[in-house]
Structures are given as structure tokens and as C-alpha cells.
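A.B. asks: Sequence and predicted structure, then a few things I'm wondering about:
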Amino acid sequence: MGEPGSSSTGFEFFRRLARRLGVPARHAEDVAQEALLRGLEADQPVDLRQARTPYGATIVLNQARNHVRNARRRGEVLTSFDEDELRDESPSPEDLLRGQQREALMRSLINDVDPEYRDILIKHELEEMSLADIAAELGSSWRR
């Protein structure tokens with residue numbers, strides 16, 4: 001047997017590959033396990049330390065295709081039940097643009113605030129400090 005870290009990495013590769021091929025997250029582990037089993041049955045065991053071999057990837061590809069095809073035949077909708085699974089790990093270009101626009105607007109609005117109150121606003125709203133902590137920090141240096 002290989003090292004525990006390497007076997008989970010190979011299995012994780014199979015699982016991610018199945019997800020990439022359209023298998024819902026709730027079934028991706030099953031497809032990856034089935035691919036490992038097929039590799040063992042074929043008398044060509046898939047070495048998990050080198051799971052990215054073409055043979056292992058082909059088995060996962062075929063298993064994922066079969067899963068998607070069978071689900072389609074059963075009339076199953078291959079969507080996730082969890083909204084978290086629908087989200088990609090990286091933000092989309094639109095999300096990045098919205099974030100940049102939101103940041104620019106926030107900076108503009110903060111710059112419009114009177115400098116006397118700007119520090120208090122930033123500490124309370126952005127840094128989420130309590131007003132008591134801000135008052136203690138500023139002490140008597142703040143003027144009314």
C-alpha cells in the first residue's frame with residue numbers, strides 16, 4: 001500500500017475529474033470508487049500515487065459518461081441539492097468586476113465622509129469594532 005497522503009490525492013483526482021465531467025458531487029465519490037474497482041478488476045491496478053495516468057483517467061471518464069447517461073435515461077436531473085456545490089471554487093469574471101466596482105464605490109463614499117468621523121466609520125463598520133472599544137482607543141483625543 002502507498003502512503004496515506006498519496007492515496008487520498010489520487011482518489012481526489014478521480015473525484016475531481018468525475019465532477020468536471022458532469023457528475024454531481026453527491027455521486028462523484030461513488031464514480032471514483034467504481035473507477036478504482038474497475039482498475040483492480042482489469043488486472044491493471046491503478047497506482048494511486050500515479051493516478052493521473054491515461055489508463056486511470058480513461059476509466060474515470062468512462063464511468064462518468066456511464067453515470068450521466070444512465071441518469072439521463074432514468075430522467076434524473078443532474079443538479080446539486082446544495083447551493084454551495086453549484087458555486088465554482090474561483091469567482092467568475094463578473095463577480096470579480098462587481099467586487100472591484102463595489103470597492104471603488106465604497107472608497108468614494110468613505111472619502112466623502114468628514115475626516116473627523118471617517119476613522120470612526122472605518123473602525124466600526126469595516127473593522128467591526130464596538131463603539132466602546134473605539135471610544136476607549138480614541139480617549140480624550142477626539143473632539144466634538
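C.D. replies: Sure thing, it's come through.
A.B. asks: Which residue comes closest to V68 once chain neighbours are left out?
C.D. replies: G22 (5.1 Å; C-beta to C-beta, 6 or more residues apart in numbering). All C-beta atoms are positioned from the backbone trio N, CA, C, and that covers glycine.
A.B. asks: Distance-wise, check that neighbour relative to G10.
C.D. replies: The spacing between G22 and G10, counted by C-beta to C-beta, to the nearest Å, is 21 Å.
A.B. asks: count of neighbours near L37?
C.D. replies: 13 (other C-beta atoms under 10 Å).
A.B. asks: other SSEs contacting the helix or strand hosting it?
C.D. replies: Assigned by DSSP states H and E, L37 belongs to helix 25-41. Judged by 3 or more C-beta pairs under 8 Å, 6 or more residues apart in numbering; DSSP states H and E, helix 25-41 is in contact with helix 4-20, helix 54-74.
A.B. asks: what's the helix or strand that contains S108 in contact with?
C.D. replies: In this assignment (DSSP H and E), S108 forms part of helix 93-112. Residues outside helix 93-112 that contact it (C-beta atoms under 8 Å, 6 or more residues apart in numbering): P91, R118, L121, I122.
A.B. asks: Pull the contacting residues for the third one.
C.D. replies: By C-beta under 8 Å, 6+ apart, the residues touching L121 are I110, V113.
A.B. asks: Could you measure from it over to A104?
C.D. replies: Separation of L121 from A104 (C-beta to C-beta) stands at 17 Å.
A.B. asks: before we move on, what about the last one?
C.D. replies: Distance, I122 to A104, using C-beta to C-beta: 16 Å.
A.B. asks: between these two, which one's more packed in?
C.D. replies: Neighbour count, other C-beta under 10 Å: between I122 and A104, I122 has more, with 14 against 10.
A.B. asks: how deep is E41 tucked in, by neighbour count?
C.D. replies: Neighbourhood size, E41 [other C-beta under 10 Å]: 9.
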